[in-house]
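Asker: Got a predicted structure here, sequence first:
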Amino acid sequence: MKTFLAALLVLTISLPVHGEGKFVQTPYKPAKVVFDFFLDDPNKMASALYWIRSLMNPLLDAPYGYPPEELSIKVVIHGTEIVTVAKKNEKKYREVVERMRYYADLGVEFKVCGQASEDYGYTVKDYQDFIQVVPNAYTELAHWQQEGYALITPQIYVKRIPIEKIR
């Protein structure tokens, strides 16, 4: 029994002690970001817009408190989500259009690929008033990266496992 207790004591003493994580207040600067939206389903647009919110909210809130005009955010749209910004589909995609308009009012620029637009049969006049049509999505993305903008490409997945199961 003494040998067992001695072994248990040695084992307990030799186990690593883990502390806890710590919060680090990174000194963020105002964002210069270009988002690449190329979604396989227009219904994923609502989820993609959360990526913009997730970038902006910490920068607009304390301790940073940057005014929206100090952020420079572009969104290049060139997948199936193009249909969400066509005026004829406004009723169907009202919620995402309202959210995009809200972000546009904060200074976020929404740009649609002109080549993809042609594939959908749309012209400039078919879009919401906050949409800018650019010649090509990839050329636009390359341009803004050359101007020092960080590229963020949202990955929108279908959640198959509840958080409670994997926590």
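Answerer: Right, received. Where do you want to start? Residues are numbered from 1 along each chain as shown.
Asker: Quick one: neighbours of the closest residue to Asp41 other than its chain neighbours, just the number.
Answerer: In space, and not counting its chain neighbours, Asp41 is closest to Thr80: 6.0 Å by C-beta to C-beta, 6 or more residues apart in numbering. In short, each C-beta sits where N, CA and C put it, glycine included. Residues near Thr80, counting by other C-beta atoms under 10 Å, number 18.
Asker: just checking, Thr80 touches Pro42?
Answerer: Yes - look at Thr80 against Pro42 with C-beta atoms under 8 Å: they come within range, at 4.9 Å.
Asker: what ranges do the strands span in the protein?
Answerer: Ranges of strands in the chain, per DSSP state E, are 32-37, 72-77, 109-113, 131-134, 150-152.
Asker: partners of the shortest one, with directions?
Answerer: For strand 150-152, the paired strands and their directions (DSSP bridges) are strand 32-37 (parallel).
Asker: which residues touch the residue nearest the centre of the chain?
Answerer: For the chain, Trp51 is the residue whose C-alpha lies nearest the centre (C-alpha atoms, centre = their mean; 2.1 Å). Neighbour list for Trp51: Phe35, Ile152, Pro154 [criterion: C-beta atoms under 8 Å, 6 or more residues apart in numbering].
Asker: Just put the residues you listed in TSV and tack on neighbour count.
Answerer: Below are these laid out as TSV (neighbours: other C-beta atoms under 10 Å):
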residue	neighbour count
Phe35	25
Ile152	17
Pro154	19
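Asker: and of the residues you listed, the nearest to Val24?
Answerer: Using C-beta to C-beta, Ile152 comes nearest to Val24 of the contacts of Trp51, at 20.9 Å.
Asker: Next one: the residue lying closest to that closest one once chain neighbours are set aside from Val108, what distance?
Answerer: Using C-beta to C-beta, 6+ apart and skipping residues adjacent in sequence, the residue nearest Ile152 is Phe35, 5.2 Å away. Phe35 sits 9 Å away from Val108, taking C-beta to C-beta, to the nearest Å as the criterion.
Asker: which residues do these two both contact?
Answerer: Joint contacts of Phe35 and Val108 (C-beta under 8 Å, 6+ apart) are Ile52, Ile73, Lys74, Val75.
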